[in-house]
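J.: Quick one: sequence plus predicted model below, questions after.
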Amino acid sequence: MADRLFTLEEARELLPTVRQLLTEIRAAKGEVDSSGAEMARLLALTGGNGHLQNDLASSRSNVEAAAGRLQDRIAELEDIGVELKGIDEGLCDFPSMREERVVYLCFRLGEDDIEFWHELDTGFSGRQPL
């Protein structure tokens, strides 16, 4: 069972914070991806001969910093009780009660409001209108 259950009103009140966190999570993931790609490129160029060592150290530092930001934002979202379901999609769920069972209120970045719910085991494909 979820640590926190949200009413629809409580979940809606958190939407500005959730939107901001989801936006920051996606941006941080983008930084991790691009920094990681740059580090891989530099590693391929070195051929194990030690050249570009300063560039590699800088690239590694960038990856670590971006990964730290990503982890921090995900932790903030989880700390308020919201479950991240998809970074690229900006998808998250709010555990809630519906007809005496726990379900998820489902939100995707870009949507105006929380308008869908789904069972715990159906995921996004099982979304139903509220």
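T.: Right, received. Where do you want to start?
J.: C-alpha only now, for contacts and for neighbours.
T.: Noted.
J.: With adjacent residues omitted, what lies nearest to the residue nearest the centre of the chain?
T.: Central residue of the chain (C-alpha atoms, centre = their mean): residue 87, 4.0 Å from the mean position. Of all residues beyond its chain neighbours, the one nearest residue 87 is residue 26 (5.9 Å), with distances taken as C-alpha to C-alpha, 6 or more residues apart in numbering.
J.: got it, and residue 23?
T.: residue 90 is the one closest to residue 23 (C-alpha to C-alpha, 6+ apart), at 7.5 Å.
J.: Where does the prediction get shaky in this protein?
T.: Scanning the chain for pLDDT under 70 picks out 1-2, 47-51.
J.: Does the residue nearest to the centre of the chain touch residue 21 like I think?
T.: No - between residue 87 and residue 21 there is no contact under C-alpha atoms under 8 Å: 10.6 Å.
J.: Can you check which helix is longest in the protein?
T.: Counting residues, the longest helix found in the chain (DSSP state H) is helix 8-46.
J.: Tell me what angle the following helix or strand past that one forms with helix 8-46.
T.: As assigned by DSSP states H and E, the chain's next helix or strand after helix 8-46 is helix 53-79. Counting by axes from the mean of the first three to the mean of the last three C-alpha atoms, to 10 degrees, helix 53-79 lies at 170 degrees to helix 8-46.
J.: How far away from the center of its chain is helix 53-79?
T.: Offset of helix 53-79 from its chain centre (C-alpha atoms, centre = their mean, to the nearest Å): 14 Å.
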